[in-house]
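# Need coordinates for the below:
(one chain, ligands or ions: 1)
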Amino acid sequence: MRFASSNELDARNEHCDDARLGSLSHWPLRLTFLLLALISTSSLPAAANCLLDGCVRGGSFELASVSRTTGDSELDARIWTEASGLIRAFEIQPSMLLYDDLEAPNAFASVQSTAAGHFGTVYFGRRLISGLLSTEAMGEAALVVVMAHEWSHILQLANGFPDQAPSRVRELHADLLAGWYLGRRNLAPPGNVSSLAVPIYQHNGYHDLSVLSHGSVDSRTMALLFGYQRAEMPLGAVYQMGLEFVLTYL
Ligand SMILES: [Zn+2]
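Numbers count the residues shown, from 1 in each chain. Alright, predicted model coming up:
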């Protein structure tokens, strides 16, 4: 989904629905002002583990055993079915690849496209996927949240989320959009969202990340819940409202 006219992005992204977004066409400028105001009072944290953006655009990262399969055909079917749902909901189609996250369970988004006709690439570690699915407290909903979080980063990249934005803002905004998607999937009743969020964000490895770069578990849970409770809203509206919520309250 695209929120603003941009010749450069229009040329490489066929998933825009500009006709529905006319009233939002000027919001990135507003976003820039909001972010600049915040950046002026914040130090910039180091790049977060789960988001590789412009700094690796040159293709300098290496991953082990990159492919489109987990090695388990049943699990592959679940993941790729979810990916189809994410493409429809977020109206953007990145490539999706799996790899062996040998050092720590992880997932991340890259602006680099690895297939023609796609925007960016999301990478999911096989250890992360199996870890999320192996605990009763998390399971399928947790996998959905993590996948939606990375899809949200792709959406941010496609919409020019400023490079200077503090990592924490970017991450909490992605958490919020993941909550929005979870709500649309109706996988967890509202009372269970918090109990789902905490183990995800404390999950060993994937979120062995600093509060500075990702926000506290409480902030992340609040962001997820905020998005979940607004599942009926259009994506463009929750994208903007969610950013203002993160900047104002988290
Ligand atoms: Zn992230």
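# hey, let's count contacts and neighbours off CA atoms from now on
OK.
# Without its sequence neighbours, what residue ends up closest to Ala115?
Ser95 (6.3 Å; Cα to Cα, 6 or more residues apart in numbering).
# swap that for Tyr99, sorry
Val66 (4.4 Å).
# outside of whichever strand or helix holds that neighbour, which residues touch it?
Here Val66, judged by DSSP states H and E, is contained in strand 64-67. Strand 64-67 has contacts (Cα atoms under 8 Å, 6 or more residues apart in numbering) with 97-102.
# These in strands, which ones?
Judged by DSSP state E, the contacts of strand 64-67 include 97-100 as members of strands.
# In JSON lines: these, plus distance to the ion.
Shown next, in JSON lines, are the ones in strands among the contacts of strand 64-67 (distance: Cα to the ion, whole Å):
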{"residue": "Leu97", "distance to the ion": "16"}
{"residue": "Leu98", "distance to the ion": "16"}
{"residue": "Tyr99", "distance to the ion": "17"}
{"residue": "Asp100", "distance to the ion": "18"}
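# can you list the weak-confidence ranges in the chain?
Low-confidence segments of the chain (pLDDT under 70): 1-60, 136-138, 189-190, 203-210.
# Repeat the analysis, applying 80 as the threshold.
1-62, 104, 135-139, 162-163, 188-191, 202-213 (pLDDT under 80).
# can you pull out the strands in it?
64-67, 95-100, 107-110, 121-125.
# okay, those in a markdown table with mean neighbour count and distance to Arg184 next?
Converted to a markdown table, the strands of the chain look like this (neighbours: other Cα atoms under 10 Å; distance: least, Cα to Cα, whole Å):
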| stretch | mean neighbour count | distance to Arg184 |
| --- | --- | --- |
| strand 64-67 | 14 | 29 |
| strand 95-100 | 20 | 21 |
| strand 107-110 | 25 | 22 |
| strand 121-125 | 25 | 21 |
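# Just put those in JSON lines and tack on distance to Tyr201.
Shown next, in JSON lines, are the strands of the chain (distance: least, Cα to Cα, whole Å):
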{"stretch": "strand 64-67", "distance to Tyr201": "24"}
{"stretch": "strand 95-100", "distance to Tyr201": "21"}
{"stretch": "strand 107-110", "distance to Tyr201": "13"}
{"stretch": "strand 121-125", "distance to Tyr201": "16"}
